[in-house]
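Engineer: Predicted coordinates and the sequence they were generated for:
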Amino acid sequence: MSLLPEPLRIAAFRHFWLARLTATIGQMAMVIVIGWQVYDIARATMGLKEAALRLGIIGVVQFVPLFLLTLITGWTADRADRRWIARASIALELGCALALAWFTWRHATTLAVLYAVAALLGVARAFAGPALSALAPNLVPRNILPRAIALSSIAWQSGAILGPAMGGYLYAYAPYAPYAASAALFAVSLAGLLAIHAVERPELARGPSPWAQMVEGLRYVRHNKLVLGAISLDLFAVLLGGATAMLPVFARDVLHAGPQGLGHLRAAPAIGATLTAAFFSFRPLKHHVGVKMLAAVGLFGAATIVFGFSRSMPLSLACLALLGAADMFSVYVRQSLIQLYTPDAMRGRVGAVSSLFISASNELGEAESGFLGALIGPVASVIAGGFGALGVVVLWAWWFPELRLAKTFDPPDLPTAPLKES
């Protein structure tokens with residue numbers, strides 16, 4: 001009898017898991033180095049608040065492509081082969097890594113170059129997010145999908161642990177090294193995606209015009225209060241409470257930990273998240289899922305507040321790990337609800353809307369933190385954001401009673417695609 005968790009016994013899901021892990025390591029290594037380089041270049045000629053503003057711009061340039069492309073990417077994921085969409089996205093990220101490796105090796109990196117590459121990475125993520133989120137349910141039976149979501153989260157969070165550490169240490173060794181390593185990892189990810197067999201999906205009716213089909217995804221989310229509440233809760237909590245954008249500031253000027261310390265700070269939330277995801281891969285959540293998700297988001301806000309006040313590296317790392325664990329709990333519940341309550345023919349478009357909300361919380365959260373940091377200071381902006389996240393929990397528990405009343409993941413009876421097991 002195989003000791004592997006049930007989803008990993010399926011060959012296609014193993015290839016998917018490997019592709020997600022290696023791509024995430026490469027992405028996170030690039031993200032941490034881009035952030036460090038932007039802040040370091042800015043601090044050479046600017047004060048702390050002005051440099052924090054430049055960090056915020058990274059979030060804007062990554063969010064704009066996703067915002068503009070959301071309807072297109074969701075429709076594409078429902079009409080085209082999701083495997084090839086993901087493959088093309090990873091290939092674009094591979095090109096971005098090679099470009100930054102070349103510019104850094106030639107000592108030609110500028111803020112304009114970093115912002116341009118960040119925008120291209122935003123385009124890649126805009127297409128990859130809906131395609132990958134919609135592809136995963138096609139690879140496993142529906143009854144083990146929550147476990148597959150947890151395992152997929154482990155791949156992402158493990159990459160989020162390894163990526164920042166790899167990026168920080170390789171950058172200290174040679175500034176171009178993390179980009180070169182990321183390029184190699186993207187190549188492995190692309191190979192994993194190429195190994196996934198053709199996925200059998202229900203025949204999709206042509207229906208109305210492409211534009212009407214795109215808007216249909218927005219309409220579905222708007223009318224499904226449970227899905228809308230779960231997605232928007234994450235949006236506003238992380239938008240207000242996200243501290244990760246200010247980590248270069250904390251590493252350089254608050255905790256005085258340097259690029260290696262920044263790698264540890266970026267990895268700490270992922271450690272907490274990975275342990276949480278690993279637990280759920282073996283012991284799926286079954287009862288009172290909505291109330292527990294709201295409580296987890298409240299813990300996320302509280303941990304953010306303590307992190308903002310901390311001047312101790314061990315305490316800061318502990319707060320970030322707890323923050324990551326709480327966020328993973330919320331992500332697990334949200335993704336399970338969305339995937340299980342959404343028909344396969346709609347998953348690409350609903351996934352695109354979800355990706356837009358997630359990116360808004362992450363990238364616009366970075367922009368909000370940068371702009372607020374420029375106004376009142378980076379530390380104060382993180383503390384204020386934590387209190388804002390707590391406020392969001394209270395409001396969403398009132399505005400979306402469907403969240404409080406969600407007891408289990410029991411979904412409506414939705415069609416699934418035939419599956420091939422190894």
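Structural biologist: That came through, no problem. Residues are numbered from 1 along each chain as shown.

Engineer: Surely residue 377 touches residue 47?
Structural biologist: No: using CB atoms under 8 Å, residue 377 is not in contact with residue 47; the gap is 11.2 Å. Glycine gets a C-beta too; all of them are placed from N, C-alpha and C.

Engineer: higher neighbour count, these two?
Structural biologist: residue 377 (16 against 11; other CB atoms under 10 Å).

Engineer: and the gap between the closest residue to the more buried one other than its chain neighbours and residue 249?
Structural biologist: Excluding the flanking residues, the one nearest residue 377 by CB to CB, 6 or more residues apart in numbering is residue 49, at 6.9 Å. Residue 49 sits at a distance of 10 Å from residue 249 (criterion: CB to CB, to the nearest Å).

Engineer: Could you name every residue contacting both of those two?
Structural biologist: Contact with both residue 49 and residue 249 is made by residues 373, 378, according to CB atoms under 8 Å, 6 or more residues apart in numbering.

Engineer: So between the two, which is more surrounded?
Structural biologist: With neighbours defined as other CB under 10 Å, residue 49 and residue 249 compare such that residue 249 has more, 27 against 15.

Engineer: ok, then the element right after whichever strand or helix holds that one?
Structural biologist: Here residue 249 is covered by helix 247-249, with elements defined by DSSP states H and E. Towards the C-terminus, the helix or strand next in line after helix 247-249, according to DSSP H and E, is helix 258-282.

Engineer: rewinding a little: state the distance from the residue nearest to residue 377 to residue 227.
Structural biologist: Computed as CB to CB, the residue 49 to residue 227 distance reads 39 Å.

Engineer: mind listing what the residue lying closest to residue 168 once chain neighbours are set aside touches?
Structural biologist: Counting by CB to CB, 6+ apart, residue 263 is the residue found nearest to residue 168 once chain neighbours are left out, at 2.7 Å. Contact analysis of residue 263 by CB under 8 Å, 6+ apart lists 32, 164-169.

Engineer: Let's see that with 10 Å instead.
Structural biologist: Residues near residue 263 by CB atoms under 10 Å, 6 or more residues apart in numbering: 28-29, 32-33, 36, 161-172, 178, 247, 251, 257.

Engineer: what's the answer for residue 15, then?
Structural biologist: Contacts of residue 15 by CB under 10 Å, 6+ apart are 83, 139, 191-197.

Engineer: What of residue 324?
Structural biologist: With contacts defined as CB under 10 Å, 6+ apart, the neighbours of residue 324 are 157, 160-161, 244, 267-276, 300, 303.

Engineer: which one of those is nearest residue 357?
Structural biologist: residue 300 (15.9 Å; CB to CB).

Engineer: host element of the closest one?
Structural biologist: Using DSSP H and E, residue 300 sits within helix 289-309.

Engineer: Determine the angle, from 0 to 180 degrees, between the next helix or strand after that helix and helix 258-282.
Structural biologist: The C-terminal neighbour of helix 289-309 among helices and strands, as given by DSSP H and E, is helix 313-341. In this structure, helix 313-341 runs at an angle of 40 degrees to helix 258-282, with axes from the mean of the first three to the mean of the last three CA atoms, to 10 degrees as the basis.

Engineer: got the angle between helix 313-341 and helix 289-309?
Structural biologist: Computed by the same axes, to 10 degrees, the angle between helix 313-341 and helix 289-309 is 150 degrees.

Engineer: next one: helix 313-341 to chain centre, how far?
Structural biologist: Mean C-alpha position of helix 313-341 versus that of the full chain (CA atoms, centre = their mean, to the nearest Å) differs by 11 Å.

Engineer: So for that helix, what gets flagged as buried?
Structural biologist: 313, 316-341 (16 or more other CB atoms under 10 Å).

Engineer: Likewise for stretch 180-190?
Structural biologist: Buried residues in stretch 180-190, counting neighbours by 16+ other CB under 10 Å, are found at 180-183, 185-190.

Engineer: cool, and stretch 101-117?
Structural biologist: Applying a neighbour-count criterion of 16+ other CB under 10 Å, the buried positions in stretch 101-117 are 101, 103-104, 109, 113-115, 117.

Engineer: Take the residues you listed and keep only those in strands.
Structural biologist: Judged by DSSP state E, the buried residues of stretch 101-117 include no members of strands.

Engineer: Name the nearest of those residues relative to residue 222.
Structural biologist: Using CB to CB, the shortest approach to residue 222 within the buried residues of stretch 101-117 belongs to residue 115, at 33.0 Å.

Engineer: returning to that earlier point: for my notes, please list the contacts of residue 15 in TSV and give secondary structure, distance to residue 22 and pLDDT for each entry.
Structural biologist: As requested, these are exported to TSV (DSSP: H, G, I helix; E, B strand; the rest coil; distance: CB to CB, whole Å; pLDDT from 0 to 100):
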residue	secondary structure	distance to residue 22	pLDDT
83	helix	16	92
139	helix	17	87
191	helix	9	96
192	helix	7	95
193	helix	10	95
194	helix	13	95
195	coil	13	94
196	coil	14	92
197	coil	19	86
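
Engineer: Now the two most distant members of these.
Structural biologist: Taking CB to CB as the measure, the contacts of residue 15 span a maximum distance of 17.0 Å, between 139 and 191.

Engineer: And residue 176, how far from residue 102?
Structural biologist: Between residue 176 and residue 102 the computed distance is 8 Å (CB to CB).

Engineer: Need the overlap of contacts for those two.
Structural biologist: The overlap between the contact sets of residue 176 and residue 102 (CB under 10 Å, 6+ apart) consists of residue 109.

Engineer: Check which helix or strand the closest residue to residue 305 other than its chain neighbours maps to.
Structural biologist: Residue nearest to residue 305 in three dimensions, not counting chain neighbours: residue 386, with 3.5 Å by CB to CB, 6+ apart. With the criterion set as DSSP H and E, the secondary-structure element containing residue 386 is helix 378-399.

Engineer: What residues sit buried inside that helix?
Structural biologist: Residues of helix 378-399 classed as buried under the neighbour-count rule (16+ other CB under 10 Å) are 378-379, 381-386, 388-390, 392-393, 396-397.

Engineer: Looking at these, spot the one nearest residue 96.
Structural biologist: Sorting the buried residues of helix 378-399 by how near they are to residue 96, with CB to CB, puts residue 378 at the top with 27.3 Å.

Engineer: Do I have it right that the closest one meets residue 248?
Structural biologist: Yes: taking CB atoms under 10 Å as the definition, residue 378 is a contact partner of residue 248 at 9.4 Å.

Engineer: where's residue 302 relative to residue 383, distance?
Structural biologist: Computed with CB to CB, the distance linking residue 302 and residue 383 is 11 Å.
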